[in-house]
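Colleague: Provided below for reference: sequence and predicted model.
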Amino acid sequence: MTYNAVRTVAKIKEKIELTSGEEFETGLRAALGLNLTYAIQNKLQQFQVADSFKQALFEK
C-alpha cells in the first residue's frame, strides 16, 4: 500500500506541483484506494489539456 501511494504521488508530482498538504492527502487516498480529490483531478486535467495543445502546436 505504501509503495503504491508513494509511486502515485511521484507520478502526479512529475506533472503538477502539489502543496505538502495535497501531497499527504493524495498519498493517504492512494494508500486507502480512494479517488483523487476534485482539485487534484482538475489540476491534472488542466495539465493534460495544455500538454495536448503544446503537442498539437509542435506538430503544425
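Modeller: The structure has been received and is ready for your questions. Numbering: from 1, shown residues only.

Colleague: Give me the contact list for the helix or strand containing residue 52.
Modeller: In the assignment (DSSP states H and E), residue 52 maps to helix 38-59. Contact with helix 38-59 is made by 12, 15, 16, 18, 22, 26, 35, 36, as judged by C-beta atoms under 8 Å, 6 or more residues apart in numbering. Every residue, glycine included, has its C-beta placed from N, CA and C.

Colleague: What about those, which are in helices?
Modeller: 12, 15, 22, 26 (DSSP state H).

Colleague: Buried ones only from these, please, as a PyMOL command.
Modeller: Buried residues within those, by 16 or more other C-beta atoms under 10 Å, are selected in PyMOL with:
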select buried, resi 12+22+26
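
Colleague: could you dump the ones in helices among the contacts of helix 38-59 to TSV with distance to residue 58 and pLDDT?
Modeller: Listed next are these as TSV, based on distance: C-beta to C-beta, whole Å; pLDDT from 0 to 100:
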residue	distance to residue 58	pLDDT
12	24	95
15	18	95
22	30	95
26	30	95
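
Colleague: want to try JSON lines for the ones in helices among the contacts of helix 38-59, with distance to residue 3 as columns?
Modeller: Formatted as JSON lines, the ones in helices among the contacts of helix 38-59 follow (distance: C-beta to C-beta, whole Å):
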{"residue": "12", "distance to residue 3": "15"}
{"residue": "15", "distance to residue 3": "20"}
{"residue": "22", "distance to residue 3": "20"}
{"residue": "26", "distance to residue 3": "15"}
